[in-house]
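Visitor: Build me a structure from this.
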Amino acid sequence: MANEFYQTNDHMEPLNKFKESLTMLAKEYWGTRLVEEPLMATGLGDRRFDDQLQDITLQGRLKKESRYQSILQRVNSIPENVLSGEDRLTRTALVFDVSTQINFSRCRLEEWMVDPLSGPQVELLNVESYQPVRTPVDGRAMVKRWRNMGKFLDDHILNLRRGAADGKLSVLICVEKVIDEIQDLLAKPEDKWPLLRPLTMVHDDWSEAEIQEFRDGIINATWEFIRPAFARYLEFLKLEILPRSRSQERPGILYVPNGSEAYIMLVRGHTSLDLTPDQLHQIGLDEVAKINEEMETLGNKLFGIRNRVQILERLRTDKSLYFTNRDEVAAKAEAALSRAKLEIPKWFGRLPKADCEVVRMEPHEEKHSTIAYYRQPAADGSRPGRYYINTSEPKSRPRYEAEVLAYHESIPGHHLQIAIAQELENLPEFRKQSGVTAFIEGWGLYSERLADEMGLYSSDLDRIGVLSYDAWRACRLVVDTGMHAKGWTRKQAIEFMIKNSALAENNIMNEVDRYISWPGHALAYKSGQLEMKRLREYAEKRLSGRFDIREFHDILLSNGALPLEALRQTVEEYSGRHK
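Guide: Predicted coordinates for the structure are as follows:
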């Protein structure tokens, strides 16, 4: 009745005002995100903030929280029951997104996290790979940003020092890895520094004076500001953090002051579900048990071995199942991506305009990085989606996991979901460019099994990789909650994953350290996959012979990365309309 009431002619004006307010608040929120996260803006192709870095000072964080709190209060003042369709979804997504930004900020992770995967020793060095320099104006912006990197590192030190004073400290293994990364960086000869790579760009249309100004600016910023700041950061870690770091026996956030409260906020933010750590832990155990049964069945078919321990031992020790060189790793990824591009029109009605390409990780990143990741296209079309593959230590990388990895990170996984979202029309920018981790990573994991339905896997050996990866994500529910809520040691987490997935041990150790550094993030994958699987089963049952897989996937991917509760409403409404 409320919707009918507001839709009468007498009340169209207040309804329109609510709609206009929502539109403006969505725009204000996204504009604030870009201001607060200038590196993200550059990565998306928005060049307005190319000379800036995020303000990570205490003052900056409090100002950011205040801005988001103001937006949230105004969004909450818009009655949900007067909205319908896309507007209601936008309000739901906006409340969740803004609340998550506030809660994540309040977790104060920057006061103790020493992160070998995405800390400044990785994040800053990667900027040159997505910040193009086409004009002298671009060049001056890059020089200014490069000069700001020294202060950024000093602010990072101040945050960690403040946290340490309150007893907030990172885990020893993570600190050791970051020290190793910085020492490697400082030992590089001048011509190997990633931040000097822009000097190799050719600018035939620039004057000699403009070229010289750019070269002098980049060189001066690197040697006068950035390198000394990294040296200060290294000394700080060695002298002030390393001696006090938490041991591998206490890796969880619950050992950080106020850590348990922060973990609850992180769980909610990453999964968008009201599930407790205990519930997620049990879901993980149940999923691991189911996948182990599948592994035993397929292992018996492939190797004539039903014993899971023996199957995993074979997968880890048979050298013929592993790559021999870097080029093989990259070639397998490229072949899988090419095959997927040919098949997707049969399974998706909406396809992205942006292309996807395979890129090898740079040496400064690959040593302590994950096996792969995806970086979205530039929204302005200047850069395709990129599937970054770690080709280091190829003899430790299983051939049987290469295809499932490619389908998760590229097509039909992250590239389809993220590139399609960026290209959606008539949606607020925040719904196109960002979203809920459980949706994004849940889609990637859903895509791994979908790829088998699509006929993309070359053999049963590659399907073993599907089970290994699914078990890996189920294990994440167990070990993330185990370490951060139940007090598991790093060793316990590693041993659980060794027993319940076919991942190589070096990958498992890097993964566990990733969960230590990013509490709660690992919970998103399986949470999202299971919800999408349930929604597909619901739609298939409700629609029966009228179910269309292409249409269903378009419904999933046509609204941006929604909170899972909102996604459920969308699928239920779609199924009701088409029944």
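
Visitor: would you list every one of the strands in the protein?
Guide: 356-360, 372-375, 385-389 (DSSP state E).

Visitor: Could you list the buried residues of stretch 284-294?
Guide: For stretch 284-294, a neighbour-count test (16 or more other C-beta atoms under 10 Å) marks 284, 287-288, 291-292 as buried. (C-beta placed from N, C-alpha, C; glycine too.)

Visitor: try stretch 339-353
Guide: In stretch 339-353, counting by 16+ other C-beta under 10 Å, buried: 339-341, 344, 347-348, 352.

Visitor: can you check stretch 20-39 too?
Guide: Those buried within stretch 20-39 under the rule 16+ other C-beta under 10 Å are 22, 25-26, 28-30, 32-39.

Visitor: same thing with stretch 571-579?
Guide: 571, 574-575.

Visitor: Same check on stretch 561-574?
Guide: 561-564, 566-568, 570-571, 574.

Visitor: before we move on, what about stretch 362-381?
Guide: 362, 364-379.

Visitor: Now do the end-to-end distance for it.
Guide: 23 Å (C-alpha to C-alpha, to the nearest Å).

Visitor: repeat for stretch 304-311
Guide: 9 Å.

Visitor: Now do that stretch: everything it contacts.
Guide: Under the criterion C-beta atoms under 8 Å, 6 or more residues apart in numbering, residues 292, 295-297, 299-300, 303, 314, 499, 502 lie in contact with stretch 304-311.

Visitor: which among those residues end up buried?
Guide: The buried subset of the contacts of stretch 304-311 - by 16+ other C-beta under 10 Å - is 292, 295-296, 299, 303, 314, 502.

Visitor: which one of those sits closest to residue 247?
Guide: Taking C-beta to C-beta as the measure, residue 247 lies nearest residue 502 of those, at 28.8 Å.

Visitor: I'd like to know how far that closest one sits from residue 311.
Guide: 8 Å (C-beta to C-beta, to the nearest Å).

Visitor: Now for the two: what residues contact both?
Guide: residue 295.

Visitor: Can you pull out the low-pLDDT segments for the chain?
Guide: 1-15, 368, 578-579 (pLDDT under 70).

Visitor: Which residues belonging to stretch 192-212 are considered buried?
Guide: 193-196, 198-199, 206, 210-211.

Visitor: Now do that stretch: everything it contacts.
Guide: 124-129, 133, 136, 139, 142, 146, 149, 185, 190, 214-215, 218-219, 222, 226, 362, 364.

Visitor: likewise stretch 86-98?
Guide: Residues contacting stretch 86-98 (C-beta under 8 Å, 6+ apart): 19, 22, 25-26, 29, 68, 71-72, 75-76, 78, 80, 83, 272, 426-428, 430-431, 434-436, 559-560, 562-563, 565-566, 569-570.

Visitor: Would you map the helices across the stretch 151-300 of the chain?
Guide: Secondary structure of the stretch 151-300 of the chain by DSSP state H, counting those that start in this stretch: the helices cover 172-187, 208-220, 227-236, 259-271, 277-303.

Visitor: Is it possible to get JSON lines of the ones you listed that adds distance to residue 253?
Guide: Formatted as JSON lines, those follow (distance: least, C-beta to C-beta, whole Å):
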{"stretch": "helix 172-187", "distance to residue 253": "12"}
{"stretch": "helix 208-220", "distance to residue 253": "39"}
{"stretch": "helix 227-236", "distance to residue 253": "22"}
{"stretch": "helix 259-271", "distance to residue 253": "4"}
{"stretch": "helix 277-303", "distance to residue 253": "11"}
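
Visitor: out of these, deepest packed?
Guide: helix 259-271 (a mean of 21; mean count of other C-beta atoms under 10 Å).

Visitor: chain center to it: distance?
Guide: 16 Å (C-alpha atoms, centre = their mean, to the nearest Å).

Visitor: try stretch 389-401
Guide: For stretch 389-401, the distance to the chain centre is 21 Å (C-alpha atoms, centre = their mean).
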